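>>> here's a sequence, model it:
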Amino acid sequence: MLAIPFPQIDPIIFAIGPLAIRWYALTWIIGLFVGAWYMRRVVVKPPALMTPEQVDDFFLWVMLGAILGGRLGYVLFYKPMEYLAAPLTIFETWKGGMSFHGGLLGVILGIMIFARRRKIDQWYISDGVACSIPFAFLSVRLGNFINGELWGRVAPDLPWAMVFPNAGDIPRHPSQLYQAFLEGPVLFGILYVLARNEITRRKTGILTGVFLIAYGTFRVVDEFFREPDAHLGFLIGGATMGQLLSIPMVFFGIYCVWRANHAAAKLALAKK
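This is a model prediction of the structure:
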């Protein structure tokens, strides 16, 4: 069997007594702060409905929504009965367990609340987040890889397969790296090219829709290489939980693109 040795990286950067600083937490922080920096650059371009200072305030909501939503989403989507039996373990975040789809719902709620409070178009804010979030995806997926978690399916003949700690001695797809590449630079590149067009930026909601379509599609594809959660396995029609949660994203993304174009067409007609 072919296999590349898995790099032995301690998940803990350093520890002082019971306090431990972990790579995974650091990747979350780096991803969010780099995303905030990039969104500050995005909002200064026309139509410029938000200031860089407002972006700084808004990202406090993003962090809160992503962390709380990610944790609660994992609890509800992946292990509801286990956490129902021991509710206090919900707060044991250092043991892992975050859901992207839950984090997305938390961020959406944060966008809606912030937009209402500051009287800013929520779709404009959402577009800015969509363009910025690939930095967080790349960073967090690398954190998953360092932790040796969310490993891929068995691939004994794959030249770049790896044997992951706690996953047996069989080579597997390094699916975290696949996800890091598709959800990071590829997704960023798509949105970056589209966001360069001022007409697209003014049709608020299009970038959000493209993000949802692209991410949902990438995640469905990624899941064919990623080992499903052991306690869930394969679900309806052999799909994984990640795929079942991503398919609605694609359809909602299509709606977002349609809504943005429809709203722009109505506005152009009203000006005639």
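
>>> please identify the helix or strand for Ala15.
Using DSSP states H and E, Ala15 sits within strand 12-16.

>>> the closest residue in space to Val34 that isn't next to it in sequence and Ala48: what is the separation?
In this structure, Val34 finds its nearest non-sequential neighbour in Phe135, 4.4 Å apart by CB to CB, 6 or more residues apart in numbering. Every residue, glycine included, has its C-beta placed from N, CA and C. Distance of Phe135 to Ala48, computed by CB to CB, to the nearest Å: 21 Å.

>>> over to Ile120?
Applying CB to CB to Ile120 and Ala48 gives a distance of 11 Å.

>>> the two: which is more packed in?
Ile120 (18 against 11; other CB atoms under 10 Å).

>>> show me the contacts for that one.
If you count contacts by CB atoms under 8 Å, 6 or more residues apart in numbering, Ile120 has them with Leu49, Met50, Gln54, Phe114.

>>> heading C-terminal from the helix or strand harbouring the residue nearest to Val34, find the next helix or strand.
For Phe135, the host element (DSSP H and E) is helix 134-147. Sequence-wise, the next helix or strand downstream of helix 134-147 (DSSP H and E) is helix 175-181.

>>> and Pro10, how many residues sit next to it?
One thing to correct before we go on: residue 10 is Asp, not Pro. Counted with other CB under 10 Å, the neighbours of Asp10 add up to 10.

>>> again, but for Leu104
Leu104: 21 neighbours (other CB under 10 Å).

>>> for Ser246, see how far away the closest residue to it other than its chain neighbours is.
Spatial nearest neighbour of Leu104, chain neighbours left out: Gly69 (7.1 Å); criterion: CB to CB, 6+ apart. With distances taken as CB to CB, Gly69 is found 16 Å from Ser246.

>>> what do you get for Met63?
Taking CB to CB, one finds Met63 at 23 Å from Ser246.

>>> these two: who's more crowded?
Using other CB under 10 Å, the more surrounded residue of Met63 and Ser246 is Ser246, with 23 against 18.

>>> and the more buried one, helix, strand or coil?
Secondary structure assignment for Ser246 (DSSP: H, G, I helix; E, B strand; the rest coil): helix.

>>> report pLDDT for it.
Per-residue confidence (pLDDT) for Ser246: 92.

>>> isn't it up against Gly216?
Yes: at 4.3 Å, Ser246 counts as touching Gly216 under the criterion of CB atoms under 8 Å.

>>> residue contacts, the residue nearest to Val34?
By CB under 8 Å, 6+ apart, Phe135 lies in contact with Gly31, Val34, Gly35, Tyr38, Gly184, Phe188.

>>> next: Phe145.
Applying CB under 8 Å, 6+ apart, the residues contacting Phe145 are Pro174, Gln176, Leu177, Ala180.

>>> which residue packs closest to the last one, ignoring adjacent ones?
With CB to CB, 6+ apart as the criterion, Ala180 has its nearest non-adjacent residue at 3.6 Å, and that residue is Arg141.

>>> swap in the first one?
Excluding its sequence neighbours, the residue lying closest to Pro174 (CB to CB, 6+ apart) is Met162, at 5.1 Å.

>>> again, but for the third one
In this structure, Leu177 finds its nearest non-sequential neighbour in Phe145, 6.0 Å apart by CB to CB, 6+ apart.

>>> do you know how far the one you found is from Ala167?
On the measure of CB to CB, Phe145 and Ala167 end up 13 Å apart.

>>> what does Thr217 give?
27 Å.

>>> ok, Arg202 next?
Separation of Arg202 from Ala167 (CB to CB): 48 Å.

>>> one more: Pro134?
27 Å.

>>> the two - which one has more neighbours?
Pro134 (27 against 17).

>>> okay, now Leu267: neighbour count?
For Leu267, the count of nearby residues is 11 (other CB under 10 Å).

>>> please identify the buried residues of the one helix or strand it maps to?
Secondary structure from DSSP H and E places Leu267 in helix 241-271. Using 16 or more other CB atoms under 10 Å as the test for burial, helix 241-271 gives 241-246, 249-250, 253, 256-257, 259-260, 264.
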